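A.B. asks: my questions concern the predicted model and sequence given below.
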Amino acid sequence: MTRSRPPSCPLIETCPLPEPQARPSCQENALVTFPPPPFGSAGEHRLQQHMGSADRAARFYDQQVRPCLTPEMREFIGRQSMVFLATADSGGACDSSFRAGPPGFVHVLDEHTLAYPEFRGNGVLASAGNMTENPHLGMLFVDFTHHRV
């Protein structure tokens, strides 16, 4: 499936894209350096340049984005009893679903890998089906009672 951009969006051709770099390996307290950005999509970086937020985004990447799960992240995930799971099929059709279980039902296998049980639900298997077509997914953990941001 080929995606086309809206005709009203000249940014795709006019905003230069930084040279891509490999993501750094995981090291304790590793910081991500910028520029060029190892994180974020080409579209993000084009819009950051166009909207004048590239410096602020660089600070975010440098101070907040990590190439792996830190010990603090692992501990946080281990306490959670719910997660919002986002997947997309090979055509880009998105799905978001809620998963819940006892605290720690999502297991940290290593610094890059999480595992969760696929409980019997409505039988649709949308998330699992999408993952067979597209391995990219998002997991949003929210602690509504113990942490404040």
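C.D. replies: Nice, I can see it.

A.B. asks: can you tell me what sits against stretch 72-86?
C.D. replies: 66, 69, 94-106, 108, 111, 114, 116, 127, 137-143, 146-147 (Cβ atoms under 8 Å, 6 or more residues apart in numbering). All C-beta atoms are positioned from the backbone trio N, CA, C, and that covers glycine.

A.B. asks: what's the PyMOL syntax to select whichever of those are buried?
C.D. replies: Buried subset of those, written as a PyMOL selection, criterion 16 or more other Cβ atoms under 10 Å:
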select buried, resi 66+69+99+105+106+108+111+114+127
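
A.B. asks: show me what contacts Ser127?
C.D. replies: Leu85, Thr87, Asp95, Ser97, Glu118, Leu137.

A.B. asks: give me that answer again for 6 Å
C.D. replies: Residues near Ser127 by Cβ atoms under 6 Å, 6 or more residues apart in numbering: Leu85, Thr87, Ser97.

A.B. asks: of those residues, closest to Met131?
C.D. replies: Thr87 (5.9 Å; Cβ to Cβ).

A.B. asks: shouldn't the closest one be within a strand?
C.D. replies: Yes - under DSSP: H, G, I helix; E, B strand; the rest coil, Thr87 falls within a strand.

A.B. asks: surely it and Asn130 touch.
C.D. replies: Yes - in this structure, Thr87 is within contact of Asn130 by Cβ atoms under 6 Å, at 3.7 Å.

A.B. asks: what residues are shared contacts of these two?
C.D. replies: Common neighbours of Thr87 and Asn130, using Cβ under 6 Å, 6+ apart, are Asp95.

A.B. asks: which stretch of helix or strand covers Arg99?
C.D. replies: Assigned by DSSP states H and E, Arg99 belongs to strand 94-100.

A.B. asks: pull out the buried positions in the next helix or strand after that strand.
C.D. replies: Per DSSP H and E, strand 94-100 leads on to strand 107-110 as the next helix or strand towards the C-terminus. Neighbour counts over strand 107-110 (16+ other Cβ under 10 Å) mark Val108 as buried.

A.B. asks: fine by me, we can end here.
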